[in-house]
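Peer 1: For reference, the sequence and a predicted model appear below.
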Amino acid sequence: MSVKLTTLPSGLTIVTDAMPHLETAALGVWTGVGGRDELANEHGVSHFLEHMAFKGTKTRSARQIVEEIENVGGDLNAATSTETTAYYARVLKADVGLGLDVLSDILANPVFEAEEVEREKSVIEQEIGAAQDTPDDVIFEHMNELAFPDQPMGRSLLGTPETLQGFSGDTLRGYLAKHYRAPDMVVAAAGAVEHEAVVAETAQRFASFAGPSAPAPLPAKFGGGSRIVQRDLEQAHLTFGLEGLPQKDPALFSLQVFSSILGGGMSSRLFQEVREKRGLCYSIYTFHMPYSDTGFFGLYTGTDPDDAPEMMDVVVEQMKAAADSLTEVEVNRAKAQMKAGLLMALESCGSRAEQLARQVLMFGRPLTNEEMIARIDNVSLASTRLAAQALLARSRPAVVALGSGRGLEKAVQLAEGLTDAPVRARYH
C-alpha cells in the first residue's frame, strides 16, 4: 500500500501517498482550527492569521517566502474553512524539502510586524467589500446566520472591519499558540515523495508545536427562519438550508446520494424540471456539507423576480416528491458519479494530499479506497429514501431571498412550507 502514516511523540501526524509516476509533489499542513473556534472578539482571526503567515518570518521577508518557492517553479497558498486551516505548496520532487522548510517557517517563526498587520487589515477589508458586491456571497452569509444563529459557525470567515481593527500581533501570536497544537495538526504529502524523508524533515522543523490538543469548540445548534434582503438586482437569488448529517453518521453517504439526485448535476431532478422543462433559471444546485458534529444541506438558484414564487413552488414540490419517488436507476447513477469523483481525485496529488489530511483529522487515520467504495456500494434505494425523509423531518428550513420585487415574500413562504407540520409528522 502506498499510503504511509507516522505519528510523532508530540502527536503531530505525517501521512503520505507516493505516486511514482509523477515528477511533482503536493504537500501541506492542515490544522483542525477554523472559524467555529473563534470567540466573539476573535471573529475573522483564523482567516487573518492565514494571510499574515506569508508576511514575513524571523529568517525570510514576505517577498523571500514566495520567491524561494516560485524560483523553483512551485506555488504556495492557503485556505481557511469552518473547521480547518491549510497551508500548502506544489513543487518538483527535488524541492519537497524546501517546501516543508518554508511551510514550517511561516508557522513556527512568524514576526507579525505591526506595519504588515495594518496593511493586511486593509487588504481583507477590500476582500470583505468584494464579497458584499457578490450576490452569491451575500446570500450565503445571511444563510449561515440563520442556520447557526449566535454561533461562530454562523459568522463570515472574513470577520468585519470592526473586528479586524481589534487585531494586533499579540492577538495573532496568542491564537496561534492556543490552537496550533501538534495533536491537531497533519502534514500530508502526495506525489513524488518519500515517506521517511518527509517524516525526518517534519520532526526537525515542527518540533516547536508541542502541548495538548486545543480546546474543543462549542457544539453546533441548527436554527432556521427566513429573511428577505432587499437589493436592486436583475435576478432574485433564492436559497434554503436544512440540518444535515455529521461526517461520521452512517447515513451520510445516503444523504449525499439524495443530494446528487435532487440537484447534483445536469441529470438531476431539479435541473431537468426547472431549467430544461420550464426555463426558469440558468443555475440551480443542491449540496451537503458535513462537519464534525452537524451538517448543512443547502439549495441555491437565481431567477427572474417575477418567477420567484413559481420557482420555489416547483423546488418544494420536487423535494417532497423525491423523498418518496426515488428510483433504483437514479440511485445507481448517483453512486457511479460519487465513485468517479473519488477515483478522479486520486489522479491529482493536490487533491490526494488534502483528502488524506482531512481523513486523518476526522477519523484519526486515512481511509482506504476499498473502504470508501464499500460505503458508496452500501447505499441502497431504501437507505436513500430514509435519508431524504429524515432530512425533511429533522429541522425547519433556513430561507433567504435576495433581490427586489413582490415575488420574494411569496417565494419565502413557499419554502417555509417545505417542512411544515404535516410533512414533519409524516416522516417522523
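Peer 2: Ah, there it is. As the structure is a computational prediction, the values presented were derived from the model and not from experiment.

Peer 1: Going by secondary structure, N77 is in what exactly?
Peer 2: strand 75-80 (DSSP states H and E).

Peer 1: With L299 instead?
Peer 2: strand 295-303.

Peer 1: re earlier: flag every buried residue along the strand holding N77.
Peer 2: By neighbour count on 16 or more other Cβ atoms under 10 Å, the buried set for strand 75-80 is 76, 78-80. For every residue, glycine as well, the C-beta is placed using N, CA and C.

Peer 1: Which residues does that strand contact?
Peer 2: Identification of contacts with strand 75-80 by Cβ atoms under 8 Å, 6 or more residues apart in numbering yields 34-35, 46-47, 50-51, 53-54, 65-66, 69-70, 85-90, 102, 157.

Peer 1: Mind giving me the PyMOL select for the residues you listed, buried ones only?
Peer 2: Burial among the contacts of strand 75-80 is assessed by 16+ other Cβ under 10 Å; the matching PyMOL selection reads:
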select buried, resi 34+35+46+47+50+51+53+54+65+66+69+85+86+87+88+89+90+102+157
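
Peer 1: residue contacts, the spatially most central residue of the chain?
Peer 2: Residue closest to the average C-alpha location in the chain (Cα atoms, centre = their mean): S81, at 5.5 Å. Contact partners of S81, counting by Cβ under 8 Å, 6+ apart, are 34-35, 157.

Peer 1: Same check on A411?
Peer 2: So A411 contacts 236, 238, 308-309, 311-312, 401 (Cβ under 8 Å, 6+ apart).

Peer 1: Same check on L8?
Peer 2: Here L8 is in contact with 14, 182, 199, 202-203, 206 (Cβ under 8 Å, 6+ apart).

Peer 1: 6 Å instead?
Peer 2: A203 (Cβ atoms under 6 Å, 6 or more residues apart in numbering).

Peer 1: pLDDT at it, what is it?
Peer 2: You'll see L8 listed with a pLDDT of 96.

Peer 1: give me the low-pLDDT residue ranges for the stretch 201-350 of the chain?
Peer 2: Applying pLDDT under 70 to the stretch 201-350 of the chain flags no residue at all.

Peer 1: Can you show me the strands along it?
Peer 2: 225-230, 236-243, 284-290, 295-303 (DSSP state E, counting those that start in this stretch).

Peer 1: before we move on, back to that, what's the closest of the contacts of A411 to L392?
Peer 2: Sorting the contacts of A411 by how near they are to L392, with Cβ to Cβ, puts M312 at the top with 15.6 Å.

Peer 1: ok so, going back, can you tell me which of the strands of the stretch 201-350 of the chain is nearest to D150?
Peer 2: strand 225-230 (12.2 Å).

Peer 1: Who are the packing partners of the closest one?
Peer 2: If contacts are counted by 3 or more Cβ pairs under 6 Å, 6 or more residues apart in numbering; DSSP states H and E, strand 225-230 sits against helix 135-147, strand 398-403, helix 407-416.

Peer 1: What is the burial count for the spatially closest residue to L343 that is not a sequence neighbour?
Peer 2: Residue nearest to L343 in three dimensions, not counting chain neighbours: N369, with 7.7 Å by Cβ to Cβ, 6 or more residues apart in numbering. Counted by other Cβ atoms under 10 Å, the residues lying close to N369 total 14.

Peer 1: Tell me how far E50 lies from A78.
Peer 2: 5 Å (Cβ to Cβ, to the nearest Å).

Peer 1: swap in Y180?
Peer 2: Applying Cβ to Cβ to Y180 and A78 gives a distance of 13 Å.

Peer 1: quick one: buried residues of stretch 4-16?
Peer 2: Quick answer for stretch 4-16 (16+ other Cβ under 10 Å): 4-8, 10-16.

Peer 1: Endpoint to endpoint, that stretch covers what distance?
Peer 2: Length of stretch 4-16, first residue to last, Cα to Cα, to the nearest Å: 5 Å.

Peer 1: The chain should start at 57 in everything you say after this.
Peer 2: Sure, I'll start numbering at 57, so the last one becomes stretch 60-72.

Peer 1: Just give me how far it sits from the chain centre.
Peer 2: 24 Å (Cα atoms, centre = their mean, to the nearest Å).

Peer 1: And stretch 436-446, by the same measure?
Peer 2: 24 Å.

Peer 1: Tabulate the CA atom coordinates of that stretch in CSV.
Peer 2: Provided in CSV are the C-alpha atoms of stretch 436-446 (Å, rounded to 0.1, in the frame of the first residue of the first chain):
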residue,chain,number,x,y,z
SER,A,436,-29.5,1.5,-1.4
LEU,A,437,-32.7,2.8,-2.7
ALA,A,438,-34.3,2.2,0.8
SER,A,439,-31.4,3.9,2.7
THR,A,440,-31.6,6.9,0.3
ARG,A,441,-35.3,7.4,0.8
LEU,A,442,-34.9,7.1,4.6
ALA,A,443,-32.1,9.8,4.5
ALA,A,444,-34.3,12.1,2.4
GLN,A,445,-37.3,11.6,4.7
ALA,A,446,-35.2,12.2,7.8
